[in-house]
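Chemist: Predicted coordinates and the sequence they were generated for:
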Amino acid sequence: MAVFTEVGFGEADALVQSLGLGPLRELRGIEGGIENTNYFATTESGEFVLTLFERLSAEQLPYYLCLMKHLAGAGLPVPAPVAMPTPDAPEKPRKGQQPPVPAEAACDLLHVVAGKPAAVVQKLSGRSELAPGAAHCAELGAMLARMHLAGRDYPRIQPNLRGLPWWNETVPVVLPYIEESQANLLRAELAYQNHVAESSAYAALPRGPVHADMFRDNVMFATDGDAGDAPRLTGVFDFYFAGTDTWLFDLAVCLNDWAIDLPTGRHDPERADALLSAYESVRTLNAAERALLPAMLRAAALRFWISRLWDFHLPREASMLKPHDPTHFERVLRDRATHPHAMAQALEPLLAA
Ligand SMILES: Nc1ncnc2c1ncn2[C@@H]1O[C@H](COP(=O)(O)OP(=O)(O)OP(=O)(O)O)[C@@H](O)[C@H]1O
Ligand SMILES: N[C@@H](CCO)C(=O)O
């Protein structure tokens, strides 16, 4: 469980009551997660997740919270953040008076708990599928494409804060902790990704708001079907690494997690095909995306190798924090870099179709 900041029952109760959710019945620290403090909060209105943001600032947070609201409003299975009710609309300002500050500027989805920025979102039903099959990957691929399309009219822009500039900043910080052969791979891959980012093909990639961390443990599937029923995706959460970035990077993050054999890091052709063809059933990849898929699979592996090295070697204080294993993404990156076209080649018949 990652509880970086302990929240008292009384303080959580005061917040949920002011949100109009009724008195707090139960408050329970959540197991899992390494970024933020999360609690399940039960009130008479239902079950919610209270998140205290440990690294993101109040200036950065409206991008994520408003994106969740936007996607939920577009019918995507995304938990909607609970807004602070606004007092009754003030009277129209008289001539010469200042107009009121628009609610958007204050962000009524962002609250303060224990001195930290905080949000309350709906608790999703279902459970994560940590051993997904092709049918789960197909559900994911179609939802990812729908999410990309639904983000096209999202007005806010904020870079992926775990994108290339962060990789360039963080690699020198982790280099002293790793072996020479690892350092060589890390430096070489970073140089390659800087080169890719300057290419005209990269500039031609479609982009918009992306989740950028849609791993198996951030997606829920229904548990109500009988065994054998087709899986049904009921939700995706943890938007706090989202940002404006290429859709292809988002897809590569998913392929690297959902469509691989975890012990070896190698891709699984059946699951990769299912994920990609379902994505393409909603939105077809363009020529630049097809060309850069191998490079983005490497980029997505690099991103999580760096963040896992950083979390592992420079940990923060938290109750029962379990950092993820960095060597997993070293293996994935070695596989993608040694066989740069393996996954993309396996997907080629699909891409050409
Ligand atoms: N909206 C939600 N509905 C149901 N469960 C949720 C929801 N949000 C979070 N959880 C539960 O809380 C756990 C931790 O949340 P999350 O993954 O967002 O942690 P984090 O520390 O913020 O992020 P990270 O995954 O980046 O470490 C999840 O594994 C899930 O069980
Ligand atoms: N999904 C990330 C952790 C949260 O960003 C990882 O597995 O490294």
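Modeler: Perfect, thanks for sending it. Numbers count the residues shown, from 1 in each chain. Ligands and ions are numbered 1, 2, ... in the order given.

Chemist: ranges for the helices of the stretch 1-150 of the chain?
Modeler: 9-18, 61-73, 103-106, 134-150 (DSSP state H, counting those that start in this stretch).

Chemist: starting at the chain centroid, how far to the first one?
Modeler: Right, the one you point to is helix 9-18. 27 Å (Cα atoms, centre = their mean, to the nearest Å).

Chemist: which secondary structure elements does that helix contact?
Modeler: strand 24-29, strand 37-43, strand 46-52, strand 111-113, strand 116-122 (3 or more Cβ pairs under 8 Å, 6 or more residues apart in numbering; DSSP states H and E). C-beta coordinates here come from the backbone N, C-alpha and C atoms, glycine included.

Chemist: The stretch 201-350 of the chain against ligand 1: which residues are in contact?
Modeler: Residues of the stretch 201-350 of the chain lying near ligand 1 by Cβ under 6 Å from any ligand atom: 213, 217-218, 237-238, 240.

Chemist: List the ones among those residues that fall in helices.
Modeler: Among these, no member is found in helices (DSSP state H).

Chemist: In a markdown table, list these along with pLDDT.
Modeler: As requested, these are exported to a markdown table (pLDDT from 0 to 100):
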| residue | pLDDT |
| --- | --- |
| Asp213 | 98 |
| Asp217 | 95 |
| Asn218 | 96 |
| Phe237 | 96 |
| Asp238 | 94 |
| Tyr240 | 95 |
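
Chemist: Which of those residues sits closest to ligand 2?
Modeler: Nearest to ligand 2, judged by Cβ to the nearest ligand atom, of these is Asp213 at 4.7 Å.

Chemist: And for the closest residue to that closest one other than its chain neighbours, the neighbour number?
Modeler: Residue nearest to Asp213 in three dimensions, not counting chain neighbours: Phe241, with 4.1 Å by Cβ to Cβ, 6 or more residues apart in numbering. Here the number of neighbours of Phe241 (other Cβ atoms under 10 Å) works out to 21.

Chemist: Show the pLDDT at Phe241.
Modeler: Per-residue confidence (pLDDT) for Phe241: 96.

Chemist: Likewise for Ala227?
Modeler: Reading off the model, Ala227 has pLDDT 59.

Chemist: most neighbours per residue, which of the helices of the stretch 1-150 of the chain?
Modeler: Mean neighbour count (mean count of other Cβ atoms under 10 Å) peaks for helix 134-150 among these, with a mean of 22.
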